[in-house]
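*Asks:* Prediction below, plus the sequence it came from.
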Amino acid sequence: MQFQSLNIIDPILKAIKEEEYETPTPIQEQSIPIILKGNDLLGCAQTGTGKTAAFAIPILQLLSRNKTYDKKRKVRSLIVTPTRELAIQIGESFKAYGRHTGLRSTVIFGGVNQNKQTSSLQGGVDILVATPGRLLDLMNQGFISLCDVEIFVLDEADRMLDMGFIHDVKRMLQVLPKRRQSLFFSATMPPAIVKLASTILYKPSEVTVAPVSSTVDIIEQFVYYTDKGKKNALLVDILKDEKIKTALVFTRTKYGADKVARVISKQNIKADAIHGNKSQNARQRALTDFKDQTIRVLVATDIAARGIDIDDLSCVINYEIPNIAETYVHRIGRTGRAGAEGTAISFCDATEKEYLKDIEKLISKSITVVEDHAFPLMDHNPEPKPKQQQGKRNVGHARPKPAGSNKQKKWYGKPKKSR
């Protein structure tokens with residue numbers, strides 16, 4: 001199927017062609033016709049599947065039917081997303097696809113001076129992309145009114161809940177017009193997200209491109225059992241392989257991200273960290289350097305990484321196993337995009353074995369264990385960690401390994417299927 005088959009208007013088709021898009025992705029092919037009919041939509045697709053274009057293209061077309069060109073333009077479409085990086089990325093997409101429509105869009109987010117953003121708003125915009133905090137702040141100051149919103153989009157809803165934005169979302173819903181079209185997109189769809197969607201959407205159509213538990217088949221997944229104190233050395237050893245052109249390394253904490261980036265940099269491996277405590281300029285600079293491959297490794301927390309969209313990312317490394325199984329699916333989905341090959345590597349110490357067990361249960365497959373490496377797990381029974389906020393158990397014991405092995409020719413040793 002070509003984009004022309006979706007009844008997209010010529011100005012947008014022209015822009016799509018200029019962006020060198022030829023065929024829509026599955027989420028786009030299924031979502032665009034639904035949105036163009038004016039229906040509410042509940043969309044679930046893993047990262048890298050083209051969700052932004054799936055809602056940006058039809059929104060631009062719907063708003064183009066009734067354009068206004070005076071300075072009193074009202075906000076007719078609101079897109080709310082959890083992080084500034086993702087907001088910027090969505091804003092760039094709207095500008096690219098809508099360059100020939102005459103529609104105006106702008107992006108607002110916290111962490112920077114508001115003057116440039118308020119000036120843009122006062123000039124009049126049709127489409128507003130926003131993070132929750134800055135949106136509510138400027139609403140309270142009188143710079144933004146949502147009473148004319150025709151299309152509301154809640155993007156990356158699962159991360160929105162993880163970051164504690166549920167109350168902000170509820171405040172927005174109180175001031176949004178009751179008669180509106182609502183679009184709800186999420187990479188995962190746990191019960192809490194389904195419940196939230198039911199309060200926002202009216203008789204929605206549902207589009208699910210991949211099940212919540214799925215991981216992209218083309219991504220090769222490996223786990224290294226190692227002690228917590230050996231993870232830095234193991235990471236440096238793995239990054240010595242020149243086949244890894246770029247690597248996105250995930251840590252649980254902001255402090256951990258900075259620490260790991262420093263360790264890597266001391267080994268003459270160009271690296272930087274990105275997390276919520278860094279300034280907007282520093283985060284954008286690190287992200288740009290990573291995309292341009294000026295730096296080879298980017299160390300990130302889950303929240304900061306939501307705005308990272310890189311087609312040629314060769315490797316994702318879980319320095320620490322996430323305590324939420326769905327987070328693992330989202331993390332590794334950042335590699336292996338657009339049909340490219342990708343590799344996901346996870347470091348697992350003894351206290352993280354229960355997390356790994358949860359992940360394998362969710363994805364319904366065992367992750368290949370790399371046995372032959374220089375930093376094996378020796379302390380199988382450390383002191384249990386406290387329970388995490390999400391309620392996942394944080395203590396585990398070494399389980400017996402099955403007899404036999406499945407040898408494969410792979411980068412870092414001799415893999416063996418776990419369990």
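*Replies:* In hand now; what should we look at?

*Asks:* Only C-alpha atoms from now on, for both contacts and neighbour counts.
*Replies:* Will do.

*Asks:* Which residue ranges of the stretch 251-400 of the chain form helices?
*Replies:* With helices called from DSSP state H, counting those that start in this stretch, the stretch 251-400 of the chain shows them at 254-265, 280-291, 302-305, 325-332, 353-363.

*Asks:* what's the helix or strand for residue 32?
*Replies:* According to DSSP states H and E, residue 32 maps onto helix 26-36.

*Asks:* Let me know the average pLDDT across the helix or strand just after that helix.
*Replies:* The element immediately downstream of helix 26-36 (helix or strand, assigned by DSSP H and E) is strand 41-44. Per-residue confidence for strand 41-44 averages out to 92 on the pLDDT scale.

*Asks:* In strand 41-44, which residues are buried?
*Replies:* 41, 42, 43, 44 (16 or more other CA atoms under 10 Å).

*Asks:* Restricting to C-alpha, output whichever helix or strand comes after it in PDB.
*Replies:* Helices and strands here follow DSSP H and E; after strand 41-44, the next one along the chain is helix 51-64. Extracted in PDB, the C-alpha atoms of helix 51-64 (Å, rounded to 0.1, in the frame of the first residue of the first chain):
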ATOM      1  CA  LYS A  51       3.200   6.300  15.900                       C
ATOM      2  CA  THR A  52       4.000  10.000  15.500                       C
ATOM      3  CA  ALA A  53       3.200  10.100  11.800                       C
ATOM      4  CA  ALA A  54       0.200   7.900  12.400                       C
ATOM      5  CA  PHE A  55      -1.500  10.800  14.300                       C
ATOM      6  CA  ALA A  56       0.300  13.800  12.900                       C
ATOM      7  CA  ILE A  57      -0.600  13.200   9.200                       C
ATOM      8  CA  PRO A  58      -4.400  12.900   9.800                       C
ATOM      9  CA  ILE A  59      -4.500  15.700  12.300                       C
ATOM     10  CA  LEU A  60      -2.900  18.000   9.700                       C
ATOM     11  CA  GLN A  61      -5.400  16.900   7.100                       C
ATOM     12  CA  LEU A  62      -8.400  17.400   9.400                       C
ATOM     13  CA  LEU A  63      -7.300  20.900  10.500                       C
ATOM     14  CA  SER A  64      -6.600  21.800   6.900                       C
END
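
*Asks:* So what touches helix 51-64?
*Replies:* Surrounding helix 51-64, the residues in contact under the criterion CA atoms under 8 Å, 6 or more residues apart in numbering are 8-9, 12, 27-29, 31-33, 35-36, 45, 76-77, 90, 93-94, 97-98, 101, 103, 151, 183, 185.

*Asks:* With stretch 171-190 instead?
*Replies:* Contacts with stretch 171-190, where a contact means CA under 8 Å, 6+ apart, come from 38-47, 51, 55, 136, 146-158, 197, 200-202, 212, 326, 330.

*Asks:* And the residues you listed, which of them are buried?
*Replies:* The neighbour count (16+ other CA under 10 Å) marks 39-47, 51, 55, 136, 146, 148-158, 197, 200-202, 212, 326, 330 as buried among the contacts of stretch 171-190.

*Asks:* Can you pull the poorly scored residue ranges out of the stretch 151-300 of the chain?
*Replies:* Counting by pLDDT under 70, the stretch 151-300 of the chain shows low-confidence ranges at 210-216.

*Asks:* repeat that with 90
*Replies:* Confidence mapping of the stretch 151-300 of the chain against pLDDT under 90 gives the ranges 156-167, 169-170, 173, 186-196, 199, 208-219, 242-243, 252-254, 274-288, 290-293.
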